[in-house]
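> For reference, the sequence and a predicted model appear below.
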Amino acid sequence: MSMDSTFRGFCFGLSESFLIFETVNQIKEEREMKATISLDGLWQIVSSLSLRNQKWLAGKLEESIRQREETEYISKEELLAGIDAGLKDLKAGRTRPIEELFKELEHEVQD
């Protein structure tokens, strides 16, 4: 294989990688885009809904509020104590493969 063909192959690989990178960035941007509307505008939309749809929306809002209120927060002290304990475990050699952690997190998300 000549140096020229190796260079062209390298450039092709870079351009393919760049295209993939650009596509991934576009997808991320599209997911992050959110419509903004004033509360007055939102109220106009809600007011225009049928009573049945307003009740459905009210139920969804109540459920969302309840979930937010039930969310447990960790204090700064608890967070720092957890980090400290983790560092001590690391120094003592009490570790496990990252794959185990990923599997555990997968199961928590699915439950």
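On my side now, so go ahead.
> Provide a list of residue ranges in this structure with pLDDT below threshold.
Judged against pLDDT under 70, the low-scoring parts of the chain cover residues 1-35, 111.
> domain ranges for it?
1-34, 37-71, 74-111 (automatic domain parsing).
> Span of the second one from start to end?
When you say that, I think you mean domain 37-71. Using C-alpha to C-alpha, to the nearest Å, the end-to-end distance of domain 37-71 comes out at 27 Å.
> quick one, helices of this protein?
Using DSSP state H, the helices found in the chain span residues 3-32, 39-48, 51-70, 76-91, 98-110.
> Contacts for the third one next, please.
When contacts are taken as C-beta atoms under 8 Å, 6 or more residues apart in numbering, the neighbours of helix 51-70 outside the stretch itself are 46, 49. For every residue, glycine as well, the C-beta is placed using N, CA and C.
> quick one: that helix to helix 39-48, angle?
Inter-element angle recorded for helix 51-70 and helix 39-48: 130 degrees (by axes from the mean of the first three to the mean of the last three C-alpha atoms, to 10 degrees).
> Give me the buried positions along helix 51-70.
Residues of helix 51-70 include none that count as buried (16 or more other C-beta atoms under 10 Å).
> ok, residue 45 to residue 64 distance?
Using C-beta to C-beta, to the nearest Å, one obtains 17 Å as the distance from residue 45 to residue 64.
> now swap in residue 99 and tell me
Spatial separation of residue 99 from residue 64 under the definition C-beta to C-beta is 34 Å.
> Then residue 71?
In this structure, residue 71 and residue 64 are separated by 11 Å, where distance is defined by C-beta to C-beta.
> Kindly report the same for residue 102.
The gap separating residue 102 from residue 64 is 29 Å, by C-beta to C-beta.
> now residue 36
Separation of residue 36 from residue 64 (C-beta to C-beta) stands at 19 Å.
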